[in-house]
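Colleague: one predicted model, sequence on top.
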Protein chains: 2
Amino acid sequence: MEFPFDDFTGRDWQTADDPGTVRFAMIGLGWWTRAQAIPAVEESSFGETTVVVSGSAEKARDATDLAASIEHAITYDEFHEGVAADAYDAVYICTPNGLHLPFVETAARLDKAVLCEKPMEATVERAREIVGFADDVAVMIAYRMQTEPTVRRAREVIDAGIIGEPVHVHASMSQPLLEVIPDPNQWRLDPELSGGATVMDIGLYPINTTRFLLDDDPVAVQAHSTYEHDAFADVADEHVSFTLVFADGVHAVCTASQNAARSSHLRVTGTEGEVVLDPVFFDREDRGFRLSVGDEQYTVAFEQVDQMTEEFDYFAHCLLTGTEPSPDAEHGFVDMLVMDAIYDAAAADDATPVPEP
Amino acid sequence: MEFPFDDFTGRDWQTADDPGTVRFAMIGLGWWTRAQAIPAVEESSFGETTVVVSGSAEKARDATDLAASIEHAITYDEFHEGVAADAYDAVYICTPNGLHLPFVETAARLDKAVLCEKPMEATVERAREIVGFADDVAVMIAYRMQTEPTVRRAREVIDAGIIGEPVHVHASMSQPLLEVIPDPNQWRLDPELSGGATVMDIGLYPINTTRFLLDDDPVAVQAHSTYEHDAFADVADEHVSFTLVFADGVHAVCTASQNAARSSHLRVTGTEGEVVLDPVFFDREDRGFRLSVGDEQYTVAFEQVDQMTEEFDYFAHCLLTGTEPSPDAEHGFVDMLVMDAIYDAAAADDATPVPEP
């Protein structure tokens, strides 16, 4: 079989070679922003970090060393007052989930485009307010899988019907959260700030990437969650499994755990073949996928890219070329509804018992 | 990390070099018995086919060419009358699911050991009767994964705690049934004879192999099934997804389809690592598994074996050495209960809807 994507380029979205530069204010200076996002913008073609914003003036000041382009270090309060607003064109919001909303609101008032980390917020209600602000300014939700070349190419393969009609999806993501961040009081374990530990933080990778690959949204869910470790007592979702049911009959069965070995995979089985991405969701891992069609197997390998650089460049390129960035707030809001339904289904705990023999 | 299974042999169950020979009556002479089971016994060390049994005298006669050891070709009626009973020690039952029971009953009456194809029967009630007959004679259910060296070794790895505590399992099996057997009136699509098309025929591979690998049984299930193709109208389970919930909190998410590309995989993620068998359930495919522990990855490769030869030799070796064969009827009966719960859960169709945005 002829493999029809030989002319695929990693940046299939890029139309302009030199569209200019978007200046970013980076909001929330935790590990991810300092170690991943600011270096990624530094490496990017169309972005630069000019402002850093933190709850702590000292933390903001310390972050000015992270890139030569940084001109202003301001506090959250100063951001809301509009300090240094002329120095940036867009904001990147990477606070705890439940603190996103006020920054989106201020960015909209200041007419700044928004790249907001996923999930959009801690609750459906607050996420809905963000969707409202997206009428005024461009809001993109930072699903880095959607600008990952491997995932984009897998999507092309599926969309072109190479594996026939999709039938089933398996997707998983797990990590030992308390080894990655050894703090039982971290915000991800505080339901007010996170909205939930596992579905909200990593379960949304299987959800959103499946939606992206199938170009469809689930209409119903089944779910089951458990916890054993005390640190998860308030959020309850240490381990979770869920099934996404799509209108056309596709089922996606997914698992996520914040207390298991680091691992991820995604497998789409169709009527004619299969696409397997294993690993898929973590960055700095092997990139590629396996495509089976009938008895033929293809291994499609990709160079690793900095996923955050791809994401920032895509977002900046959109702003500079007047293109609507995607995934937008409405797209991210569907995940909020799906995750809310998953938490409801898990809480209902209505699995059918297997009788004793 | 030291890999602790260097002395693993494929036949870890074998204690006797030359225990003798078990003579088999092969009941039900469809494609599987003729092309797989009789040749497998021919290749085996401890078995031989001496009797073939069919609903049709002509079909039985035609099958005598399949092995030089075959002495008698008899009908189902003749079998029930005890014809040629001195010529065999054990029976292999490979009729449609819903016809197993009377052959087990007769075998028990004739004091013949039973290797009965999976699933045990078409309904829980009839399977329960088989469990009763297992008080009188040895009854093994033919789950060939349990004597597959790759799966046995993966089980050892899991049991030894190499991947820590199991957390999540993914397992899938799919095939294009109407291409494999191009007959819309085949017995697998007749609920009276099969008990269901997909859960009963291939869904039980994920179920039973997960039970075997975890050495545990599910206490509850969630399930969803759909069909589109007319041939599946009577059985309804063309595509099925289900979650097995274990008492210790492990969830296994599984899919099975009789109308998708041929594929299978099984993945056990634990607190410390992971075992991935991909492919796993079909015979004549690559054998082995991937073991990840922390940052270490091992690829454990096996030679292909004839899975049916392994199964027949294991069963015969048990009979010849006075060992209880496993999986027994009680073990197989648990699958019947699990599958019944899956059909109930799928029929209830109680997935939680995702609201419109």
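Modeller: Now that the structure is in, tell me what you want to look at. Computed from a predicted structure; not experimentally measured.

Colleague: give me the phi and psi for the residue nearest to A:Gln304 when sequence neighbours are not counted.
Modeller: The shortest distance from A:Gln304 to any non-neighbouring residue, by Cβ to Cβ, 6 or more residues apart in numbering or on different chains, is to A:Arg287 (5.4 Å). C-beta here means a position set from N, CA and C on the backbone, and glycine is covered the same way. Recorded main-chain torsions at A:Arg287 are phi -120, psi 130, according to degrees, to the nearest 10.

Colleague: and the residue of the stretch 1-150 of chain A nearest chain B?
Modeller: Distances from the stretch 1-150 of chain A to chain B, computed as Cβ to the nearest Cβ, single out A:Val131 as the nearest residue at 7.9 Å.

Colleague: what's the closest non-adjacent residue to that residue?
Modeller: Skipping the residues right next to it in sequence, A:Val131 comes nearest to A:Ala329 by Cβ to Cβ, 6+ apart, at 4.7 Å.

Colleague: residues touching that neighbour, list them.
Modeller: A:Cys116, A:Met120, A:Ile130, A:Val131, A:Phe133, A:Ala134, A:Val139, A:Ile141 (Cβ atoms under 8 Å, 6 or more residues apart in numbering or on different chains).

Colleague: farthest pair within those residues?
Modeller: Based on Cβ to Cβ, the longest span within the contacts of A:Ala329 runs between A:Phe133 and A:Ile141 and measures 12.7 Å.

Colleague: and these two? Which one has more around it.
Modeller: When A:Phe133 is set against A:Ile141 and neighbours are counted by other Cβ atoms under 10 Å in any protein chain shown, the residue ahead is A:Ile141, at 29 against 19.

Colleague: go ahead and confirm that one touches A:Gly332.
Modeller: Yes - at 3.4 Å, A:Ile141 counts as touching A:Gly332 under the criterion of Cβ atoms under 8 Å.

Colleague: what touches both of the two?
Modeller: Among the neighbours of A:Ile141, those also in contact with A:Gly332 (Cβ under 8 Å, 6+ apart) are A:Cys116, A:Lys118, A:Met120.

Colleague: need the nearest residue in space to the first one, chain neighbours excluded.
Modeller: The spatial neighbour of A:Cys116 that comes closest, neighbours along the chain excluded (Cβ to Cβ, 6+ apart), is A:Ile93 at 4.6 Å.

Colleague: since we're on the one you found, how many residues are nearby?
Modeller: Taking other Cβ under 10 Å as the criterion, the count of residues near A:Ile93 is 25.

Colleague: ok now do it, which residues does it touch?
Modeller: Going by Cβ under 8 Å, 6+ apart, A:Ile93 touches A:Ile27, A:Gly28, A:His100, A:Phe103, A:Val104, A:Ala107, A:Val114, A:Leu115, A:Cys116, A:Glu117.

Colleague: tell me the bridge partners for it.
Modeller: As for beta bridges, A:Ile93 partners with A:Ile27, A:Cys116 under DSSP bridges.

Colleague: for it, give its distance to A:Glu121.
Modeller: 10 Å (Cβ to Cβ, to the nearest Å).

Colleague: which neighbours do the two share?
Modeller: Residues within reach of A:Ile93 and of A:Glu121 at once, by Cβ under 8 Å, 6+ apart, are A:His100.

Colleague: which helix is the longest one in chain A?
Modeller: Ranked by number of residues, the top helix in chain A under DSSP state H is helix A:329-348.

Colleague: and chain B, is whatever helix or strand comes next after that one touching that?
Modeller: Taking DSSP states H and E as the definition, the helix or strand that follows helix A:329-348 towards the C-terminus is strand A:352-353. Yes - Strand A:352-353 comes into contact with chain B when judged by Cβ under 8 Å from any Cβ of the partner chain, the residues involved being A:Thr352, A:Pro353.

Colleague: what does strand A:352-353 contact?
Modeller: Strand A:352-353 has contacts (Cβ under 8 Å, 6+ apart) with B:Val219, B:Ala220, B:Val221, B:Gln222, B:Ala223, B:Ala341, B:Ile342, B:Asp344, B:Ala345, B:Ala348.

Colleague: by neighbour count, which of these wins?
Modeller: Counting by other Cβ under 10 Å, B:Ile342 has the largest number of neighbours within the contacts of strand A:352-353, with 32 neighbours.

Colleague: and the gap between that residue and B:Thr21?
Modeller: Taken as Cβ to Cβ, the span from B:Ile342 to B:Thr21 is 40 Å.

Colleague: next: A:Ile74.
Modeller: A:Ile74 sits 86 Å away from B:Thr21, going by Cβ to Cβ.

Colleague: still on that earlier bit, I'd like the shared contacts of A:Ile141 and A:Gly332 written out as CSV, with pLDDT added.
Modeller: Below are the shared contacts of A:Ile141 and A:Gly332 laid out as CSV (pLDDT from 0 to 100):
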residue, pLDDT
A:Cys116, 98
A:Lys118, 98
A:Met120, 98
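
Colleague: mind giving me the PyMOL command for buried ones among the residues you listed?
Modeller: Here is the PyMOL selection string for the buried members of the shared contacts of A:Ile141 and A:Gly332, based on 16 or more other Cβ atoms under 10 Å in any protein chain shown:
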select buried, chain A and resi 116+118+120
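
Colleague: give me the three-state assignment for the nearest residue to A:Gly98 once chain neighbours are set aside.
Modeller: Here the nearest residue to A:Gly98 in space, its sequence neighbours aside, is A:Ala122; by Cβ to Cβ, 6+ apart that works out to 3.4 Å. Judged by DSSP: H, G, I helix; E, B strand; the rest coil, the three-state class of A:Ala122 is coil.

Colleague: number of residues surrounding A:Ala122?
Modeller: A:Ala122 has 24 neighbouring residues, counting by other Cβ under 10 Å.

Colleague: cool, and the one 3 residues further on?
Modeller: As a burial measure, the neighbour count of A:Glu125 was computed by other Cβ under 10 Å and equals 11.

Colleague: which elements pack onto the host helix or strand of it?
Modeller: Per DSSP H and E: A:Glu125 is located in helix A:124-133. Judged by 3 or more Cβ pairs under 8 Å, 6 or more residues apart in numbering or on different chains; DSSP states H and E, the packing partners of helix A:124-133 are helix A:100-109, helix A:329-348.

Colleague: just send those helices back as JSON lines, with mean pLDDT too.
Modeller: Listed next are the helices and strands packed on helix A:124-133 as JSON lines, based on pLDDT from 0 to 100:
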{"stretch": "helix A:100-109", "mean pLDDT": "98"}
{"stretch": "helix A:329-348", "mean pLDDT": "97"}
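
Colleague: for A:Ala316, find the nearest of the ones you listed.
Modeller: Between A:Ala316 and those, the tightest spacing by Cβ to Cβ is seen for helix A:100-109, at 15.4 Å.

Colleague: report the buried residues of the longest helix of chain A.
Modeller: For helix A:329-348, the neighbour count (16+ other Cβ under 10 Å) marks A:329, A:331-343, A:345-346 as buried.

Colleague: so in that sheet, which strands flank the lowest-mean-pLDDT helix or strand in chain A, and in what orientation?
Modeller: For chain A, counting by mean pLDDT, DSSP states H and E, strand A:296-302 ranks last in confidence among helices and strands (a mean of 89). Strand A:296-302 sits in its sheet next to strand A:287-293 (antiparallel), going by DSSP bridges.

Colleague: just the C-alpha atoms of the strand it pairs with, please, in CSV.
Modeller: In CSV, the C-alpha atoms belonging to strand A:287-293 read as follows (Å, rounded to 0.1, in the frame of the first residue of the first chain):
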residue,chain,number,x,y,z
ARG,A,287,8.1,9.9,19.1
GLY,A,288,6.4,7.9,16.4
PHE,A,289,3.6,5.4,15.8
ARG,A,290,3.0,2.0,14.4
LEU,A,291,0.5,1.7,11.6
SER,A,292,-1.0,-1.7,10.7
VAL,A,293,-3.2,-2.2,7.7
